[in-house]
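predicted model follows, preceded by the sequence.
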Amino acid sequence: MAKKTINNDVLLANIIKGIEEVKGNDIDILDLREIDTAVCDYFVVCNGNSNTQVNAIVNSIQKVVSKELKDKPWHVEGSDNAEWVLMDYVSIVVHVFQKHIREYYNIESLWGDAKITKIENKY
């Protein structure tokens, strides 16, 4: 049975919804489609204020995407210490950081050629 393909826009919308439901902060979407060496189409980067909130964001994303799209991440890494959790949905990779870890790694600057869309907080 072939795996159904999910529209990136729909997946992005559901990932953002999952982040916003638990008040994730500073949401950026990095469009990597024009970069030859990119491993996926998009990065979604956000942060929480504690390891508890980081895990809540990860769980919320998984719950929303599973419920709405019947999909789950191919791989999740970093949940044990919840400083930087990576969720791999193949075409979209989600990075959920604690604020100080995000500032340290500054992942957005590593992908300086990417078009960055900032999502305004709704709260």
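That came in fine, so what should we check first?

residues touching the top helix by length along the chain, excluding its own?
Scanning the chain for the longest helix, with DSSP state H as the assignment, gives helix 51-69. Under the criterion CB atoms under 8 Å, 6 or more residues apart in numbering, residues 6, 10-11, 14-15, 17-19, 21-24, 46-48, 71-73, 76, 79, 81-83, 85, 87, 89, 94, 96-98 lie in contact with helix 51-69. (Glycine included, C-beta is placed from N, CA and C.)

swap in 6 Å and give it another go.
6, 14-15, 17-19, 21-22, 24, 48, 71-72, 82, 85, 96, 98 (CB atoms under 6 Å, 6 or more residues apart in numbering).

what is the helix or strand Met87 falls within packed up against?
Met87 is part of strand 84-88 when elements are defined by DSSP states H and E. Helices and strands touching strand 84-88, by 3 or more CB pairs under 6 Å, 6 or more residues apart in numbering; DSSP states H and E, are strand 75-77, strand 92-98.

what about 10 Å?
strand 42-48, helix 51-69, strand 75-77, strand 92-98, helix 99-105 (3 or more CB pairs under 10 Å, 6 or more residues apart in numbering; DSSP states H and E).

now do the second one against strand 92-98, angle only.
Computed by axes from the mean of the first three to the mean of the last three CA atoms, to 10 degrees, the angle separating helix 51-69 from strand 92-98 equals 160 degrees.

CA atoms of helix 51-69 as CSV?
Listed next in CSV are the C-alpha coordinates belonging to helix 51-69 (Å, rounded to 0.1, in the frame of the first residue of the first chain):
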residue,chain,number,x,y,z
ASN,A,51,11.5,21.6,29.0
THR,A,52,7.9,21.0,30.1
GLN,A,53,6.6,23.5,27.5
VAL,A,54,8.9,22.1,24.8
ASN,A,55,7.5,18.7,25.3
ALA,A,56,4.0,20.1,25.4
ILE,A,57,4.6,21.7,22.0
VAL,A,58,5.9,18.5,20.5
ASN,A,59,3.0,16.5,21.9
SER,A,60,0.5,19.1,20.6
ILE,A,61,2.0,19.0,17.1
GLN,A,62,1.8,15.2,17.0
LYS,A,63,-1.8,15.3,18.3
VAL,A,64,-3.0,17.9,15.8
VAL,A,65,-1.3,16.3,12.8
SER,A,66,-2.4,12.8,13.8
LYS,A,67,-6.0,13.9,14.3
GLU,A,68,-6.3,16.1,11.2
LEU,A,69,-4.1,14.3,8.7
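
I appreciate the help and will end here.
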